[in-house]
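*Asks:* okay, predicted coordinates and the sequence, questions at the end:
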Amino acid sequence: MVRGQGGRFEFVDGLRGLAALAVVLPHAVGLFIYPHESWVSAQFSRLAGYGAGGVEVFFVVSGFAIAYSLRDTRTEGFSLARFMLRRAVRLDPPYWVGLLWLALVEVIHALFTHQPVVLPSFGKVLAHVFYLQDILGLGQFNLVFWTLCLEFQLYLVFAVMMRMASALGDVPYKSEAGILREADNHGWLMAIAFLVSLVLSHTVWPMHHDWFVPFFYLFLSGSLAAWRTLGRISDRLYRVCLLVMGLALFVRADSFRVIGFLTALVLYAAIPRGALHRWLAARSAQWLGRISYSTYLVHVPLVAFFLALRTRLGSDSKLMSLVCLTGLYVVTLALASLFHVTVEVPCLRLSQQLKRQRSIEAARVPQAPPA
């Protein structure tokens with residue numbers, strides 16, 4: 001949950017919730033593939049292709065959330081180790097439970113189909129625990145986990161950048177002081193890294209799932225939006241970054257990059273209108289935002305169950321496909337709600353306690369007397 005100075009950033013949370021719903025669609029394509037050719041399959045495949053772009057929405061809003069959470073590093077100092085510990089406490093236990101959930105479903109499936117239970121190697125399990133499976137080329141247990149591996153890399157690299165910027169000293173943003181003061185030192189580092197990653201992503205570094213580099217500009221577009229919200233970069237510099245992001249689509253335009261650009265653009269539109277607290281503020285959207293991580297973790301094994309159900313009850317029935325898709329969403333959201341309450345919430349509370357402890361420690365540090 002992202003919090004602003006006057007409460008939550010409801011729009012950011014709502015975007016995350018809608019993105020989680022959208023990402024279910026490409027994994028449910030099998031529900032609409034029939035023994036006989038049908039136009040329904042083509043239409044749903046097209047819709048599912050757009051749904052896959054929810055991943056790019058996640059990257060952008062994650063950049064906003066992480067940057068905003070580090071807004072006080074200038075005054076409180078910044079501990080890279082503590083930041084990564086808080087991220088690990090917040091995200092790792094749900095991810096590990098998600099691995100166990102997937103394993104449980106696989107075992108149940110094997111028992112019901114009278115197939116042997118195949119245990120993964122210890123090395124592959126260990127690689128998953130530390131988000132290294134794609135880097136090591138070991139493959140994913142769950143096909144959506146590649147984004148979590150990239151998120152971990154993005155958090156780590158961005159935190160290192162913030163530590164570097166903090167070490168450079170305070171260079172505040174002053175709109176009347178010329179181009180070098182279009183942003184503070186954190187903002188300039190974000191902008192430069194954004195442009196470098198943007199160029200690499202649209203030229204020599206395709207969006208493979210192993211390394212963060214070609215996705216970093218999406219994350220940083222959200223980070224720049226957070227810095228603009230805080231008034232720590234100029235509107236002019238932010239618009240230049242968005243303009244370059246839009247122009248890059250003429251070099252390489254696919255639905256994923258377009259959706260990422262539109263997400264950054266809509267954040268920009270929301271900031272001057274005060275809409276970060278108004279758009280998508282409905283309770284339903286906020287609920288979806290709260291359980292979005294859990295939704296992402298639990299839905300893939302359920303897809304296999306409903307695909308088997310549709311095949312058994314009516315392999316060529318369009319109505320049964322819609323019934324199963326509806327059932328998939330209902331069961332996914334119900335399980336995600338339970339998962340959120342029992343696993344995520346305790347982790348979130350512990351992460352917040354670590355942050356408050358850091359703030360208390362920073363407040364206790366005595367200030368050096370003037371020279």
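*Replies:* Sure thing, it's come through.
*Asks:* in this protein, where's the longest helix?
*Replies:* helix 80-112 (DSSP state H).
*Asks:* quick one: list the elements packing against that one.
*Replies:* Here helix 80-112 touches helix 122-129, helix 145-167, helix 292-314, helix 345-364, going by 3 or more Cβ pairs under 8 Å, 6 or more residues apart in numbering; DSSP states H and E. In short, each C-beta sits where N, CA and C put it, glycine included.
*Asks:* let's see 10 Å
*Replies:* helix 54-69, helix 122-129, helix 145-167, helix 292-314, helix 318-339, helix 345-364 (3 or more Cβ pairs under 10 Å, 6 or more residues apart in numbering; DSSP states H and E).
*Asks:* got any ranges where the stretch 151-300 of the chain has weak pLDDT?
*Replies:* 169-180 (pLDDT under 70).
*Asks:* where do the helices of it begin and end?
*Replies:* Here the stretch 151-300 of the chain has its helices, by DSSP state H, counting those that start in this stretch, at 185-202, 216-229, 235-247, 255-270, 283-290, 292-314.
*Asks:* and the angle for the longest helix of the chain with helix 318-339?
*Replies:* Counting by axes from the mean of the first three to the mean of the last three Cα atoms, to 10 degrees, helix 80-112 lies at 130 degrees to helix 318-339.
*Asks:* can you list the buried residues in helix 80-112?
*Replies:* The neighbour-count check on helix 80-112 (16 or more other Cβ atoms under 10 Å) flags 82-83, 86-87, 89-92, 94-95, 97-99, 101-103, 105-106 as buried.
*Asks:* equivalent analysis for stretch 124-140, please.
*Replies:* Buried residues in stretch 124-140, counted by 16+ other Cβ under 10 Å: 124, 127-128, 131-134, 138, 140.
*Asks:* do stretch 148-165 as well
*Replies:* 148-159, 161-163, 165.
*Asks:* check contacts around residue 255.
*Replies:* 49-53, 56 (Cβ atoms under 10 Å, 6 or more residues apart in numbering).
*Asks:* which one (most neighbours) among those residues?
*Replies:* residue 56 (25 neighbours; other Cβ atoms under 10 Å).
*Asks:* so that one sits against residue 215, correct?
*Replies:* Yes - if you go by Cβ atoms under 10 Å, residue 56 and residue 215 touch, sitting 8.3 Å apart.
*Asks:* which residues are common contacts for these two?
*Replies:* With Cβ under 10 Å, 6+ apart as the test, residue 56 and residue 215 both reach 147, 207, 256, 260.
*Asks:* for residue 259, give its distance to residue 156.
*Replies:* 25 Å (Cβ to Cβ, to the nearest Å).
*Asks:* please read the previous query as pertaining to residue 254.
*Replies:* Counting by Cβ to Cβ, the gap from residue 254 to residue 156 is 27 Å.
*Asks:* related to what we said a few turns ago, want to try a markdown table for the buried residues of stretch 124-140, with pLDDT and distance to residue 116 as columns?
*Replies:* Formatted as a markdown table, the buried residues of stretch 124-140 follow (pLDDT from 0 to 100; distance: Cβ to Cβ, whole Å):
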| residue | pLDDT | distance to residue 116 |
| --- | --- | --- |
| 124 | 94 | 18 |
| 127 | 95 | 23 |
| 128 | 95 | 21 |
| 131 | 95 | 29 |
| 132 | 94 | 27 |
| 133 | 95 | 23 |
| 134 | 94 | 27 |
| 138 | 92 | 21 |
| 140 | 92 | 21 |
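*Asks:* turn those into TSV, including distance to residue 331.
*Replies:* Formatted as TSV, those follow (distance: Cβ to Cβ, whole Å):
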residue	distance to residue 331
124	28
127	30
128	25
131	27
132	31
133	27
134	29
138	30
140	22
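*Asks:* in the residues you listed, find the pair that's most separated.
*Replies:* Within the buried residues of stretch 124-140, 124 and 131 form the most distant pair, 12.7 Å apart (Cβ to Cβ).
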